[in-house]
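sharing a sequence plus its predicted fold:
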Amino acid sequence: MRIGVAATPYVAIPTLDWLVTSPHDIPLIITQPDRPSGRGQEISQSPVSKWADEHGIQIVKPSSPSDLVGVINSLDVVITIGYGVLLPETVLKLPRYGFLNLHFSLLPLYRGAAPVQRAIQNGERVTGVSVFQLDKGMDTGPLFTQLKLEIDSEWRSYELLERLSLIGPVAIEEALTMIENGLSPIEQTGHASMAPKISKAEASIDWSQSSEEIVNKVRAFYPTPNAWTLWKGNPLKVTRVNRAHSELALSPGQIHCADNSLFVGTGNGEVVELLLIVPAGKSEMSAIAWSRGAHLRGGEHFG
């Protein structure tokens, strides 16, 4: 089949790597326009755009969905992976078999922009990938394939997304085989839930929550937007944290150094151990190294 891919982030790369070695023809990559990024706000390509350049595949960076009219009409199907643009029905119908989407949840659970982050935040033990036919709804189209994956308790969103991206090609291959064999997708069934985009304000740590809720938030919101708290009025990102089994009696947000570890009190008398942090204007470092530089005297609080 002649297949186009509409994608932007790095999680699309494993599927792209598989597609170029498959029997299918990949004549076109669609990705979002180059945008400023980083502290210097320099214009940079998306990971998918760089990949297409390296493989000599035509790239289209439409400023609006209507720019795809006349560009994708000759394709059999377009696969979207984190493309980040809602497409109208008029565009979805242009390829012979329409658009397929690789979504990182077991639909209809976690429809929306942040399925991996919300799954970790909610303490899910199992998630997976779904390949479905795009329609005018938000991740509501009929399903071709789903694959499950158990979530390791140490994984943050970055690690989980990486592993889901590696099973994506298997799900995509199964869906394309179904299309070639004339098989139709089936409607989604079961309880539906949403996974809305995460705001920076939402990523603020509420130390009165339980240790489990705080650990899940830190895991879920890494690497973007990153869970954070305040230290002397400045934001301090928390990038790795563990629940601690300690007899310490700390109030929510209270800091305590002991045994070469940095502990913080949470709700219900529970305690977490901070492992990695990013102070304002600095690079990631161990929490205990930061505590030495901060010259803690005891009794200090975050927030």
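Happy to help now that I have it.

I'd like the distance from the helix or strand containing residue 161 to the chain centre, please.
Secondary structure assigned from DSSP states H and E places residue 161 in helix 157-180. Centroid separation for helix 157-180 versus its chain: 14 Å, with Cα atoms, centre = their mean, to the nearest Å.

please apply the same query to stretch 226-242.
Relative to the mean C-alpha coordinate of its chain, stretch 226-242 is positioned 20 Å out (Cα atoms, centre = their mean).

and the contacts of it?
Among residues not part of stretch 226-242, those counted as contacts by Cβ atoms under 8 Å, 6 or more residues apart in numbering are 156, 200, 203-205, 207, 214-215, 217-218, 220-223, 253, 272-280, 284, 294, 302-303. The C-beta positions use only the backbone N, C-alpha and C, and glycine is treated the same way.

7 Å instead, please
By Cβ atoms under 7 Å, 6 or more residues apart in numbering, the list of residues contacting stretch 226-242 from outside reads 203-205, 214-215, 217-218, 221-222, 272-280, 284, 302-303.

now, the residues you listed that are in strands?
Mapping the contacts of stretch 226-242 onto strands (DSSP state E) picks out 272, 273, 274, 275, 276, 277, 278.

so among the residues you listed, which ones count as buried?
Using 16 or more other Cβ atoms under 10 Å as the burial test, these include 272, 273, 274, 275, 276, 277, 278 as buried.

confidence score at the fifth one?
Just to be clear, that refers to residue 276. Taken from the predicted model, the pLDDT recorded for residue 276 is 98.

just to check, it is in contact with residue 286?
Yes: checked against Cβ atoms under 7 Å, the pair residue 276 and residue 286 is within contact range at 6.3 Å.

mind jotting down where the helices sit in this structure?
Remark: helices of the chain, listed N- to C-terminal, are 13-21, 47-54, 89-92, 115-121, 157-180, 211-220, 287-294; assignment by DSSP state H.

quick check: which of those is nearest to residue 193?
Evaluated with Cβ to Cβ, these place helix 115-121 nearest to residue 193, the distance being 8.0 Å.

and that closest one, what other elements does it pack with?
Taking 3 or more Cβ pairs under 7 Å, 6 or more residues apart in numbering; DSSP states H and E as contact, the helices and strands that helix 115-121 lies on are helix 157-180, helix 211-220.

check the offset of the shortest one from the chain's centre.
In other words, helix 211-220. Average the C-alpha atoms of helix 211-220, do the same for its chain, and the two points are 16 Å apart (Cα atoms, centre = their mean).

tell me the helices and strands packed up against it.
Contacts defined by 3+ Cβ pairs under 7 Å, 6+ apart place helix 211-220 against helix 115-121, strand 234-244, strand 271-278.

can I get these in a markdown table including distance to residue 21?
Conversion of the helices and strands packed on helix 211-220 to a markdown table gives the following (distance: least, Cβ to Cβ, whole Å):
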| stretch | distance to residue 21 |
| --- | --- |
| helix 115-121 | 26 |
| strand 234-244 | 35 |
| strand 271-278 | 37 |
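
most tightly packed of those?
Taking mean count of other Cβ atoms under 10 Å as the contact definition, the stretch among the helices and strands packed on helix 211-220 with the greatest mean neighbour count is helix 115-121, which reaches a mean of 25.
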